[in-house]
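A.B. asks: Dropping a prediction and its sequence here:
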Amino acid sequence: MTDGTPYPNPAHQPTGATPGWTPPSSAPPGAWYPAGGAATATLPPPAAPSAPALRRGGRLRLGVAALLAGALIGGGAGAGVVALTDDGSGSGTAAPAAAQSVVIKDPESATAVTAAAAKASPSVVTVYVTGGSGAGSGSGVVLSADGYVLTNNHVVTLDSSTDAATIQVRTSDGTLYDATVVGTDPTSDLAVVKLQGAGGLTPATFADSDDVQVGDLAVAIGAPLGLSDTVTDGIISATDRAVATGSSQDDATVIDALQTDAAINPGNSGGALVNAAGEVVGINTAIASVASGAPGQDAQSGNIGVGFAIPSNTAKRIAQEIVDNGSATHAVLGVQAQTAASDTSSEVGTGAQIVQVQAGGAAASAGLQPGDVVTAVGDRAVTTSTELTAAVRSAAPGSEVTLTVRRDGQTSTVEVTLGSSDR
């Protein structure tokens, strides 16, 4: 498969790498970090050197060195991507806080956030992972009464560590279970674990993420900094936000993320983003942070109100495939692409320009050619290769999409039946 061939980025330098290493002058001014411990995220090129960096908000590190994520896009290739790294400031050795449930003590004064948290908190767990290279914690969402739990791939793999990891999961009532990995999907940064001997758990209710609107109430539930059952609230800031995440150049993810200003910090990864009804609309996976002024220095830690979640429709489909088959499939266009730059500014994208077309793939069958520039998928505008990948990845394999294509100065639409890949 040609989709997702990475364009190496010299700024992808592992945290804890050779002392004295500084990024080259071509390195981007900011970096995206996973929200909970190991996935990275990228957006279109920053408009100015002061642009914020992205940090993972999902897994709290307990002394684990991170791998930076690559700028990979599957469904188009990737130019103009901002590097992602982990938040070293989240490291620590303090014992995790005890789990506690959210209880409505005074119904008359309870808010919508109180009600949403009371409904969803029993379905959110804390995930502890220990490997030969270190340990960390993140969050998860209960899928079934008998113990299937959805979380982020970067949580259970300790940022793609090759070491075998021991996993334990604490439910909202404080019960600690041993767990095993059912399957992982690095492409979507999702994983499913199974709690041993569990029964009577409270499965989460998943909402239709296609119905989510900007301005909707958003409540994040998880274990930031190891603090189980933490609840924060905000709104949905944007939908269909193209964000590239991944723990290495060969293990990357591009999603049509839900953006929220609900506080998300290291340890929140894999936890729930819920609506006012307490239904899961997304799986928290990444946050933005402000880059430091000096080259080579770490970005500032903590939430700045820009967080990202994998939409529930994508998360639910991937989770079910992992439970059923141990792996998941993804829609692919069968191209490598790069961002087509404006004539007046290299930082302004005008579409996703196809560089290579995979023989026998979906794009080839639809008559797409190298040099074509995709400017829309359906009614969604595409200005970068990352946005093309995100739009393709959000669709189901085998589905039909309409591409708006610019060729030799002429614009036309092309119907494409997307292919399927298990990576």
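C.D. replies: Sure, I can see it.
A.B. asks: could you dump the host helix or strand of Ile236 to CSV, C-alpha only?
C.D. replies: Using DSSP states H and E, Ile236 sits within strand 230-248. Output of strand 230-248 as CSV, limited to C-alpha atoms (Å, rounded to 0.1, in the frame of the first residue of the first chain):
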residue,chain,number,x,y,z
THR,A,230,-11.5,13.7,37.1
VAL,A,231,-14.2,15.7,35.3
THR,A,232,-13.7,18.9,33.3
ASP,A,233,-16.1,20.7,31.0
GLY,A,234,-16.1,23.0,28.0
ILE,A,235,-17.7,23.1,24.6
ILE,A,236,-17.0,21.5,21.2
SER,A,237,-14.8,24.1,19.6
ALA,A,238,-14.6,22.5,16.1
THR,A,239,-15.6,19.4,14.3
ASP,A,240,-13.7,17.6,11.4
ARG,A,241,-10.4,19.0,12.6
ALA,A,242,-7.6,17.3,10.7
VAL,A,243,-5.1,16.1,13.2
ALA,A,244,-2.2,13.7,12.6
THR,A,245,-1.1,11.6,15.5
GLY,A,246,1.3,8.8,15.9
SER,A,247,4.2,7.6,18.1
SER,A,248,6.6,7.1,15.2
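A.B. asks: Against which helices or strands is the helix or strand that that strand is followed by packed?
C.D. replies: Next along the chain after strand 230-248, taking DSSP H and E as the criterion, comes strand 251-260. When contacts are defined as 3 or more C-beta pairs under 8 Å, 6 or more residues apart in numbering; DSSP states H and E, strand 251-260 packs onto strand 217-222, strand 230-248, strand 280-289, strand 307-311, helix 385-393. C-beta here means a position set from N, CA and C on the backbone, and glycine is covered the same way.
A.B. asks: which of those is buried the deepest?
C.D. replies: strand 280-289 (a mean of 33; mean count of other C-beta atoms under 10 Å).
A.B. asks: That one versus strand 251-260: what angle between them?
C.D. replies: Here strand 280-289 points in a direction 100 degrees away from that of strand 251-260 (axes from the mean of the first three to the mean of the last three C-alpha atoms, to 10 degrees).
A.B. asks: Check which helix or strand the closest residue to Pro370 other than its chain neighbours maps to.
C.D. replies: Computed as C-beta to C-beta, 6 or more residues apart in numbering, the closest residue to Pro370 that is not its neighbour in sequence is Ile354, at 5.5 Å. Element membership for Ile354, per DSSP H and E: strand 349-357.
A.B. asks: circling back to that earlier point, report how many residues lie close to the residue nearest to Pro370.
C.D. replies: Using other C-beta atoms under 10 Å, Ile354 has 27 neighbouring residues.
A.B. asks: who's the nearest residue to Gly282 once chain neighbours are set aside bridged to?
C.D. replies: Of all residues not flanking Gly282 in the chain, Ala309 sits nearest, at 2.8 Å (C-beta to C-beta, 6+ apart). Per DSSP bridges, the residues bridged to Ala309 are Leu258, Asn284.
A.B. asks: And Ala309, how far from Thr202?
C.D. replies: 20 Å (C-beta to C-beta, to the nearest Å).
A.B. asks: and the angle from the strand holding Ile236 to strand 280-289?
C.D. replies: On the basis of the same axes, to 10 degrees, strand 230-248 is oriented at 70 degrees to strand 280-289.
A.B. asks: Other residues contacting the strand holding Ile354?
C.D. replies: Contacts with strand 349-357, where a contact means C-beta atoms under 8 Å, 6 or more residues apart in numbering, come from 2, 44-45, 76-77, 80, 334-342, 363-364, 368-375, 382-385, 387-388, 406.
A.B. asks: thinking again about what came up before, looking at the helices and strands packed on strand 251-260, spot the one closest to Thr329.
C.D. replies: Taking C-beta to C-beta, helix 385-393 is the member of the helices and strands packed on strand 251-260 nearest to Thr329, at 11.2 Å.
A.B. asks: Thanks a lot, catch you later.
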